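Peer 1: can you look at this prediction? I've put the sequence above it.
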Amino acid sequence: MEQILNAGPVVKLVLLILVYFSVVSWAIIFYKLRVIYGAMRTSDRFLEFFWDKKRFDLIAQGLKPFDASPLSVLFREGYRELAADRGGERSLSTDLGRGGNVARSLRRAATSETHRLEKFLPFLGTTASAAPFIGLFGTVWGIMDAFHGIGKTGSASLAVVAPGISEALVATAIGLAAAIPAVIGYNHLLSKINVIIGEMDNFGQEFLNIVERMDRR
């Protein structure tokens, strides 16, 4: 804290920016962990419910407890499109086929859920890539300031040089402290999102297969 308080105004500004990046990154990491792990747990329960009921109308009536699951969103949109086609609400279905409309509805829902799950992740990527360079800028500026002080005093002893350089290096340390959790959090969250995307693809294909079997009856 003493080194931070004794730093120059530019270095202090850099440190404030880095602290902002760090705090927001941690908030995003905890928030997304809760959302993504909640979605994964709810999706597992929804799949058990889906294969247990085996009837679309019964499944549609019991979707409320599974609102956090992307799979339930896919089912809701697909079932809504299926019901609209059966009711003749869309003349387009007679030209393109029920399966085609349902497939497009599932793709739209999957895209929307993917965007929802990936929301705020670009900030983590930005923090991971930019924070070290911002910290390095603060360090370079602090070292320049330290050498400027050496030139004015005319003394290059360790007692004169060391305090300024140590204060400048704090910026790099804070930059790394902000970037490292952001990198780990970004990669971990992205890997879990990819798992959910794979589950959505599989569920969408299963849903379409069921619809095609219904059409052949």
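Peer 2: Noted; the coordinates are in hand.
Peer 1: how far does stretch 67-84 sit from its chain's centre?
Peer 2: 23 Å (Cα atoms, centre = their mean, to the nearest Å).
Peer 1: got any ranges where this protein has weak pLDDT?
Peer 2: Applying pLDDT under 70 to the chain flags the ranges 1-8, 85-99, 149, 153-164, 215-217.
Peer 1: kindly recompute the last result at 80.
Peer 2: Scanning the chain for pLDDT under 80 picks out 1-11, 54, 84-100, 142, 145-168, 213-217.
Peer 1: so what does the longest helix along it touch, helix or strand wise?
Peer 2: With DSSP state H setting the assignment, residue counts place helix 158-216 as the longest helix in the chain. Applying 3 or more Cβ pairs under 8 Å, 6 or more residues apart in numbering; DSSP states H and E, one finds that helix 158-216 contacts helix 2-6, helix 9-53, helix 70-87, helix 98-118, helix 121-153. Bear in mind the C-beta positions are built from the backbone N, C-alpha and C, glycine included.
Peer 1: what is the orientation angle of that helix with helix 9-53?
Peer 2: Interaxial angle of helix 158-216 relative to helix 9-53 (axes from the mean of the first three to the mean of the last three Cα atoms, to 10 degrees): 20 degrees.
Peer 1: mind checking the end-to-end distance for stretch 111-129?
Peer 2: 26 Å (Cα to Cα, to the nearest Å).
Peer 1: gap between that stretch and the chain center?
Peer 2: Offset of stretch 111-129 from its chain centre (Cα atoms, centre = their mean): 3 Å.
Peer 1: which ones are touching Leu169?
Peer 2: By Cβ atoms under 8 Å, 6 or more residues apart in numbering, the contact set of Leu169 is Thr139, Gly142.
Peer 1: how close does it sit to Val14?
Peer 2: Look at Leu169 and Val14: by Cβ to Cβ, to the nearest Å, they are 12 Å apart.
Peer 1: also Ser129?
Peer 2: With distances taken as Cβ to Cβ, Ser129 is found 16 Å from Val14.
Peer 1: between the two, who's got more neighbours?
Peer 2: Between Ser129 and Val14, counting by other Cβ atoms under 10 Å, Val14 is the more crowded of the two (26 against 13).
Peer 1: tell me, how many residues neighbour the closest residue to the more buried one other than its chain neighbours?
Peer 2: Nearest in space to Val14, with sequence neighbours left out and distances taken as Cβ to Cβ, 6 or more residues apart in numbering, is Gly138 at 3.3 Å. Residues lying near Gly138 (other Cβ under 10 Å) number 28.
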